[in-house]
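Trainee: 3D model of this:
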Amino acid sequence: MQIQDFIAEADKLQMLRGASSIVSEILREVREMIAEQVGNEAVLFSDGGNLLSFCPSNKDCLARLKEKAEQKVNLASNGVLRAAVVTGTIPLKDLAGSFAEVLKDISDNLNMVKQRPYQAQVIRPPRKDMICDACRNRLVNGKLQIEGKKKNFCVVCANKENLGKERKEKAKKGRTWGENALPFSYIHEHDLEFPRDLTHIGDSIAVIAVDGNMMGRLFTHTLTPAEYTCKSEQFSRRFTGIVRETLEFLMASDRANRDPGKWLMLYKPRKKEGEKSFPGTSCGFDIIYAGGDDLLVIMNAKSALLFCQELITRVAESFSFNKRLTDGSVYDDYSYHTVTVSCGIAIADNKFPVYFLLDRARAMEGKAKEAFRKRCETDELNLIRLPAGAMAFTAVQGAMPSSDHACYVLPDDGKEMSMLMKIIQDGMDPDNRSGVRDLVTCGDTVLDKLNFVKYNYASALRKQQDVVERIEAAKMMADVVNSPVTGDTMMNIHGAVRMVVPLLLDKRGDE
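Mentor: Numbers count the residues shown, from 1 in each chain. Sure thing, here's the model as predicted:
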């Protein structure tokens with residue numbers, strides 16, 4: 001329970017990594033404990049902070065397993081995390097026919113347990129310096145030496161920091177375990193570096209929260225435990241592979257472009273005064289958490305929208321089925337997505353507090369899932385037709401949260417997404433950058449839009465070279481400033497451009 005809060009309370013990249021490692025380690029220990037007490041084959045699913053297992057219905061055995069699981073969660077997290085453990089009993093003879101009902105009952109009971117109120121100790125520190133410098137939630141009870149400076153940390157945050165450093169060192173050496181969403185081999189093969197700090201990811205960063213849509217429908221609609229295990233393992237392996245392939249695709253696209261100024265993901269950090277220079281090129285992202293259908297990643301903001309667009313499309317295409325039906329005379333081809341994802345994106349300067357961005361990204365994820373559900377429909381075969389996925393994004397430029405955000409559901413809003421991506425890429429190009437800046441500063445009045453459109457067409461006709469391409473670009477700009485407001489966000493494509501593009505333009509000038 002409270003896994004997202006546990007990870008998000010950190011203020012540094014190392015601690016985010018470390019918190020994620022603690023969650024993964026807890027789940028591994030609980031799984032090993034059940035395997036030792038009951039049997040390895042008893043565990044049907046273990047990922048994303050969740051575990052489902054068979055156990056003997058003996059009350060003493062269940063109580064012992066529950067107590068040990070709660071102890072491991074409490075000990076590994078120093079009392080911060082809590083475990084919600086529920087059980088359901090079913091005779092073996094009824095297992096094949098009633099497994100779905102048992103799963104539903106367990107899920108309902110689990111949600112009830114997680115929603116129960118609990119008492120927490122109120123912290124009343126006598127002095128300000130007794131509060132942890134990282135989480136600001138707990139009393140200081142440990143100190144950690146970081147880059148020559150003493151930091152006052154609680155034991156939880158100190159543990160996160162140490163584990164984060166350990167995870168980074170293992171990543172640098174290419175040491176990992178099992179299936180992993182991080183493309184270790186690609187990064188090492190092409191001499192890229194993992195970021196050490198948020199400033200090594202990009203001038204502007206994006207926190208991306210990804211979650212599956214209507215996943216309960218997929219896993220609870222199972223007739224047997226074997227089907228459940230097969231579904232969960234297949235999904236986990238394929239989803240992890242898709243994330244890894246999408247990251248490799250973006251890195252390869254940048255490497256194919258010899259101009260670093262046009263890179264979207266890869267990043268060459270600038271040397272700060274008094275600090276060591278970054279050794280080479282950063283891969284431009286770091287996966288904070290990946291488990292089940294839940295993904296939390298921080299990446300170069302320039303690549304965030306493209307990453308989400310690619311991930312949504314690849315997941316939908318990978319988890320879909322096609323069926324050809326006929327009424328005796330005409331054949332119709334039907335295609336259905338079975339697994340889709342929604343993405344929430346929060347974009348800000350790399351010096352902005354990351355815990356605030358984590359919260360905004362989760363809020364955007366909720367907006368995307370809401371828009372996704374509204375676009376689901378039942379077709380003439382009485383089957384639910386799902387969109388490919390959805391994304392919602394916002395730009396954060398102050399401590400006061402803004403309600404401004406844009407939301408796109410694919411493939412319905414694919415045209416608008418393509419226009420936005422084209423504008424972002426033009427902003428990276430010195431030949432087109434001035435036009436993008438003019439678009440950002442264009443006002444909302446009819447006169448402002450008219451002058452902007454006239455200026456663009458006049459500029460396109462001024463030069464005879466590539467005149468057709470220039471006319472098409474001017475037409476697209478006219479479509480952007482005159483685009484209608486769509487959806488529940490009350491924001492058109494022009495508003496989306498003005499919201500996020502200023503944070504994505506290169507802050508280093510035209511070197």
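
Trainee: Moving C-terminal from the helix or strand harbouring Arg362, which element do we reach first?
Mentor: Element membership for Arg362, per DSSP states H and E: helix 354-375. Counting by DSSP H and E, the next helix or strand C-terminal to helix 354-375 is strand 377-378.

Trainee: mind listing what that following strand pairs with, with the direction of each?
Mentor: Strands adjacent to strand 377-378 in the sheet, as given by DSSP bridges, are strand 384-385 (antiparallel).

Trainee: Contacts made by the partner strand with the rest, please.
Mentor: Tyr336, Cys376, Glu377, Thr378, Asp379 (Cβ atoms under 8 Å, 6 or more residues apart in numbering). In this view, the C-beta of every residue, glycine as well, is placed from N, C-alpha and C.

Trainee: now these as JSON lines including distance to Asn50, pLDDT and neighbour count?
Mentor: JSON lines is the format used below for the contacts of strand 384-385 (distance: Cβ to Cβ, whole Å; pLDDT from 0 to 100; neighbours: other Cβ atoms under 10 Å):
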{"residue": "Tyr336", "distance to Asn50": "26", "pLDDT": "83", "neighbour count": "15"}
{"residue": "Cys376", "distance to Asn50": "24", "pLDDT": "89", "neighbour count": "14"}
{"residue": "Glu377", "distance to Asn50": "30", "pLDDT": "87", "neighbour count": "10"}
{"residue": "Thr378", "distance to Asn50": "30", "pLDDT": "84", "neighbour count": "9"}
{"residue": "Asp379", "distance to Asn50": "32", "pLDDT": "78", "neighbour count": "10"}
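
Trainee: Could you export those as JSON lines, including distance to Arg31?
Mentor: Formatted as JSON lines, those follow (distance: Cβ to Cβ, whole Å):
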{"residue": "Tyr336", "distance to Arg31": "33"}
{"residue": "Cys376", "distance to Arg31": "34"}
{"residue": "Glu377", "distance to Arg31": "39"}
{"residue": "Thr378", "distance to Arg31": "39"}
{"residue": "Asp379", "distance to Arg31": "40"}
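
Trainee: Strands of the stretch 401-511 of the chain, start to end?
Mentor: 406-410 (DSSP state E, counting those that start in this stretch).

Trainee: thinking again about what came up before, just the CA coordinates of the helix holding Arg362, formatted as PDB?
Mentor: What follows is helix 354-375 as a C-alpha-only set of coordinates in PDB (Å, rounded to 0.1, in the frame of the first residue of the first chain):
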ATOM      1  CA  VAL A 354      10.500  16.500  -9.000                       C
ATOM      2  CA  TYR A 355       8.000  15.400  -6.300                       C
ATOM      3  CA  PHE A 356       5.600  18.100  -7.500                       C
ATOM      4  CA  LEU A 357       6.000  16.800 -11.100                       C
ATOM      5  CA  LEU A 358       5.300  13.300 -10.000                       C
ATOM      6  CA  ASP A 359       2.000  14.400  -8.500                       C
ATOM      7  CA  ARG A 360       1.000  16.300 -11.600                       C
ATOM      8  CA  ALA A 361       1.900  13.400 -13.900                       C
ATOM      9  CA  ARG A 362      -0.400  11.100 -11.900                       C
ATOM     10  CA  ALA A 363      -3.100  13.700 -12.100                       C
ATOM     11  CA  MET A 364      -2.700  13.800 -15.900                       C
ATOM     12  CA  GLU A 365      -2.800  10.000 -16.000                       C
ATOM     13  CA  GLY A 366      -6.200  10.200 -14.400                       C
ATOM     14  CA  LYS A 367      -7.300  12.800 -17.000                       C
ATOM     15  CA  ALA A 368      -6.100  10.500 -19.800                       C
ATOM     16  CA  LYS A 369      -7.900   7.400 -18.400                       C
ATOM     17  CA  GLU A 370     -11.100   9.400 -18.100                       C
ATOM     18  CA  ALA A 371     -10.900  10.600 -21.700                       C
ATOM     19  CA  PHE A 372     -10.200   7.000 -22.800                       C
ATOM     20  CA  ARG A 373     -13.300   5.600 -21.100                       C
ATOM     21  CA  LYS A 374     -15.500   8.200 -22.700                       C
ATOM     22  CA  ARG A 375     -14.300   7.100 -26.200                       C
END
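
Trainee: between that helix and strand 406-410, how many degrees?
Mentor: Interaxial angle of helix 354-375 relative to strand 406-410 (axes from the mean of the first three to the mean of the last three Cα atoms, to 10 degrees): 50 degrees.

Trainee: From the contacts of strand 384-385, pick the one nearest Val113.
Mentor: Nearest to Val113 among those, counting by Cβ to Cβ, is Cys376 at 29.3 Å.

Trainee: Low-confidence ranges, the stretch 251-400 of the chain, go.
Mentor: 272-275, 326-331, 399-400 (pLDDT under 70).

Trainee: Repeat the analysis, applying 80 as the threshold.
Mentor: 271-277, 291-292, 322-335, 379-383, 398-400 (pLDDT under 80).

Trainee: got the residue ranges for the strands in it?
Mentor: So, for the stretch 251-400 of the chain - with DSSP E, counting those that start in this stretch - the strands run 281-282, 285-291, 294-300, 320-326, 331-337, 341-349, 377-378, 384-385, 389-395.

Trainee: so which of those gets nearest Val497?
Mentor: That would be strand 389-395 among the strands of the stretch 251-400 of the chain, by Cβ to Cβ, at 10.8 Å.

Trainee: Parallel or antiparallel, which strands does that closest one pair with?
Mentor: Strand 389-395 has these strand partners (DSSP bridges): strand 341-349 (parallel), strand 406-410 (antiparallel).

Trainee: Can you say which of the strands of the stretch 251-400 of the chain is packed in most?
Mentor: Stretch with highest mean neighbour count among those: strand 389-395 (a mean of 28; mean count of other Cβ atoms under 10 Å).

Trainee: Grab the CA positions of it and hand them over as PDB.
Mentor: What follows is strand 389-395, C-alpha atoms only, in PDB (Å, rounded to 0.1, in the frame of the first residue of the first chain):
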ATOM      1  CA  GLY A 389      -4.900   4.700 -25.800                       C
ATOM      2  CA  ALA A 390      -4.800   8.200 -24.500                       C
ATOM      3  CA  MET A 391      -2.300  10.800 -23.200                       C
ATOM      4  CA  ALA A 392      -2.800  14.000 -21.200                       C
ATOM      5  CA  PHE A 393       0.000  16.600 -20.600                       C
ATOM      6  CA  THR A 394       0.600  19.800 -18.800                       C
ATOM      7  CA  ALA A 395       3.500  22.300 -18.300                       C
END
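
Trainee: and that strand with strand 331-337, angle?
Mentor: Relative orientation of strand 389-395 versus strand 331-337 (the same axes, to 10 degrees): 40 degrees.

Trainee: Does Ile288 touch Ile298 like I think?
Mentor: Yes: counting by Cβ atoms under 8 Å, Ile288 does reach Ile298; the two are 6.3 Å apart.

Trainee: Which neighbours do those two have in common?
Mentor: Contact criterion Cβ under 8 Å, 6+ apart; residues shared by Ile288 and Ile298: Leu16.

Trainee: in the helix holding Arg362, what's buried?
Mentor: 354-365, 367-369, 371-372, 375 (16 or more other Cβ atoms under 10 Å).

Trainee: Show me the domain layout of the chain.
Mentor: Following automatic domain parsing, one gets these domains for the chain: 1-175, 179-411, 413-511.

Trainee: Tell me which of the ones you listed sits most buried.
Mentor: Using mean count of other Cβ under 10 Å, domain 179-411 ranks as the most buried of these, with a mean of 19.

Trainee: now that one, how far from the chain's geometric center?
Mentor: Distance, stretch centre to chain centre, for domain 179-411: 5 Å (Cα atoms, centre = their mean, to the nearest Å).

Trainee: Just want the angle from the helix holding Arg362 to strand 294-300.
Mentor: 120 degrees.
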